[in-house]
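Trainee: Sequence first, then the predicted structure:
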Amino acid sequence: MSINAAALDLIKSFEGLRLTAYRDPVGIWTIGYGTTADAGVGIAPAAGMTITEAQASEYLRRAVEKFAAAIRPAITMPVNENQFGALVSLAYNIGPAAFEKSTLLKKLNSGDYAGAADQFARWNKAGGKVLAGLTRRRAAERDLFLTPASTHTALPWWQALWNLLTGKG
């Protein structure tokens, strides 16, 4: 299973596009749509580095494919494309190792889909601090996870965020 457009759009909307390297909230050099050296996609962001939007999209595509391949074997229960996309988005943000050790994965693999969905909210900290952006991202990932694949229609990122913030989504 590959990651769908809804999940890719979710990742892009929360990672944001930064064409100049910067340090993330825990000090890791990052560029593009949240690409770090640990993504292993052929780039090691550092101070002063710049890339194009096309390069950022390509690094994201490579990273998402890599993260999807890394977590796919750990998922033993059937998931739809929205569920898989939400799981890849989470793993892209927290890393495959943390994902594989998570209670979320344990619940999913035991068949407790609702319990797994509720675990997204637990991953809202960076450096031990709750971050509002991570709280919103986890809520959006949970919503995508709970959205039947056959009825999902991709909304523009701003509409999805507005729906989430106003309780309409």
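Mentor: That came in fine, so what should we check first?
Trainee: and Pro148, how many neighbours?
Mentor: The tally of other residues near Pro148 (other CB atoms under 10 Å) stands at 9. Where you see a C-beta, it was placed from the backbone N, CA and C, and this is true even at glycine.
Trainee: quick one, strands of this structure?
Mentor: 18-23, 29-32, 125-126, 129-130 (DSSP state E).
Trainee: distance from the centroid: which residue in this structure tops it?
Mentor: Farthest-out residue of the chain from its mean C-alpha position, per CA atoms, centre = their mean: Gly48, at 25.7 Å.
Trainee: I'd say that one and Ala21 touch.
Mentor: Yes: under the criterion of CB atoms under 8 Å, Gly48 makes contact with Ala21 at 6.9 Å.
Trainee: give the contact list for the residue farthest from the centre of the chain.
Mentor: When the contact criterion is CB atoms under 8 Å, 6 or more residues apart in numbering, the partners of Gly48 are 20-21.
Trainee: Against Ile31, how distant is it?
Mentor: Distance of Gly48 to Ile31, given as CB to CB, to the nearest Å: 11 Å.
Trainee: got it, and Leu104?
Mentor: Applying CB to CB, one obtains 28 Å for the distance of Leu104 from Ile31.
Trainee: who touches the most centrally placed residue in the chain in this structure?
Mentor: Closest to where the C-alpha atoms of the chain average out (CA atoms, centre = their mean) is Ser89, at 2.0 Å. Taking CB under 8 Å, 6+ apart as the contact definition, Ser89 lies against 7, 10-11, 14, 137, 141, 144.
Trainee: mind redoing it with 10 Å?
Mentor: 3, 6-8, 10-11, 14-15, 64, 67, 120, 137-138, 140-141, 144-145 (CB atoms under 10 Å, 6 or more residues apart in numbering).
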